[in-house]
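*Asks:* Coordinates only, no sequence provided:
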């Protein structure tokens with residue numbers, strides 16, 4: 001196939017390499033411009049190393065961007081992790097149009113943080129969708145979907161890097177083959193089942209210890225490794241990453257106040273929430289580095305009786 005890739009970062013690079021490994025012709029790569037002082041995008045670097053023409057337009061709505069894609073004369077456009085808006089008169093230029101990757105089972109969890117939200121809400125499955133981009137956000141017809149389970153201890157990192165990332169790369173190749181061969185089907189999304197979620201940022205990632213321990217645990221998992229669920233310790237931000245949920249039945253009875261550090265061990269500390277405790281294994285205090293809890297304990301930063309989030 002002769003294709004154009006629109007994307008960025010590691011996922012875009014992996015998609016580029018997957019098509020090249022198959023022997024497909026990548027006629028050009030479109031990347032968003034880097035912010036001042038930022039490192040060159042890894043997709044851009046990989047394309048340039050392979051002698052592939054790279055385009056970096058401030059937006060894909062410009063005539064310059066459309067003319068560049070037209071000149072490439074490709075069979076299909078591949079959108080792999082794209083934050084720039086791509087209008088219909090851009091995505092319709094390739095002979096067989098354009099396909100896009102989204103890491104959720106559309107129409108659920110449309111939007112930019114579609115992996116964080118299902119984990120933080122305790123969902124037991126998620127997946128990926130390859131669809132036709134339209135002017136609506138993640139609203140186009142579905143071409144291909146793949147499911148994956150979310151285990152009770154999965155984090156954003158394990159769900160994405162272990163499964164949705166590699167599955168997504170292969171699904172893009174599979175969907176492109178189907179579309180170019182004319183063997184695909186396009187299923188209109190059921191708007192009655194649609195959900196949209198915005199960015200999972202500072203406000204969404206704050207821990208409220210008065211919530212049930214299940215809710216707190218799910219939030220921490222859904223923010224690990226980014227943006228990092230957080231609370232405060234003596235007014236200083238404390239981000240919690242790796243943790244375990246300890247239901248009340250595992251230690252007999254609730255001890256201490258909500259948000260209190262009630263147990264300290266050689267490698268972890270435990271914090272009380274409704275119906276149980278959170279055992280913290282890895283955290284980041286203030287401007288420090290993300291470290292094992294043992295390092296915070298040995299430094300005297302965490303002590304029994306301290307209240308978090310107060």
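*Replies:* In hand now; what should we look at? This structure is a prediction, so every number in the text was calculated from the model and none was measured.
*Asks:* For the host helix or strand of residue 148, give me every contacting residue.
*Replies:* Element membership for residue 148 (DSSP states H and E) is strand 142-149. Here strand 142-149 makes contact (C-beta atoms under 8 Å, 6 or more residues apart in numbering) with 99, 105-106, 124-132, 159, 163-164, 167, 171, 174-175, 178-179, 184-189. Backbone N, C-alpha and C define where each C-beta goes, glycine included.
*Asks:* 6 Å instead?
*Replies:* 125, 127-131, 163, 167, 171, 175, 184, 186-187 (C-beta atoms under 6 Å, 6 or more residues apart in numbering).
*Asks:* Any chance of a PyMOL selection covering the buried ones in those residues?
*Replies:* PyMOL command restricting the contacts of strand 142-149 to the buried ones, with burial defined by 16 or more other C-beta atoms under 10 Å:
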select buried, resi 127+128+129+130+131+163+167+171+175+184
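*Asks:* ok, which pair from the contacts of strand 142-149 is furthest apart?
*Replies:* 163 and 186 (24.8 Å; C-beta to C-beta).
*Asks:* buried residues in stretch 236-248?
*Replies:* 238, 239, 240, 241, 242, 243, 245, 246, 248.
*Asks:* With stretch 188-199 instead?
*Replies:* Using 16+ other C-beta under 10 Å as the burial criterion, the residues of stretch 188-199 that qualify are 189, 197.
*Asks:* what's the answer for stretch 57-71, then?
*Replies:* The neighbour-count check on stretch 57-71 (16+ other C-beta under 10 Å) flags 57, 60, 65, 66, 68, 69 as buried.
*Asks:* Which of those residues sits closest to residue 51?
*Replies:* Ranked by distance to residue 51 (C-beta to C-beta), these are led by residue 68 at 16.9 Å.
*Asks:* Quick one: residues contacting that closest one.
*Replies:* residue 55.
*Asks:* quick one: secondary structure of it?
*Replies:* Of the three states, residue 68 takes helix according to DSSP: H, G, I helix; E, B strand; the rest coil.
*Asks:* what secondary structure does the nearest residue to residue 98 once chain neighbours are set aside sit in?
*Replies:* Residue nearest to residue 98 in three dimensions, not counting chain neighbours: residue 77, with 3.4 Å by C-beta to C-beta, 6 or more residues apart in numbering. Per three-state DSSP, the local secondary structure of residue 77 is strand.
*Asks:* I'd like to know which elements the longest helix out of those in the chain is packed against.
*Replies:* The single longest helix within the chain, with elements called by DSSP state H, is helix 165-181. Helix 165-181 makes packing contacts with helix 9-22, strand 76-80, strand 98-102, strand 125-131, strand 142-149 when contacts are defined by 3 or more C-beta pairs under 6 Å, 6 or more residues apart in numbering; DSSP states H and E.
*Asks:* And for the residue nearest to residue 114 when sequence neighbours are not counted, the neighbour number?
*Replies:* Excluding its sequence neighbours, the residue lying closest to residue 114 (C-beta to C-beta, 6+ apart) is residue 104, at 3.9 Å. As a burial measure, residue 104 scores 24 neighbours (other C-beta atoms under 10 Å).
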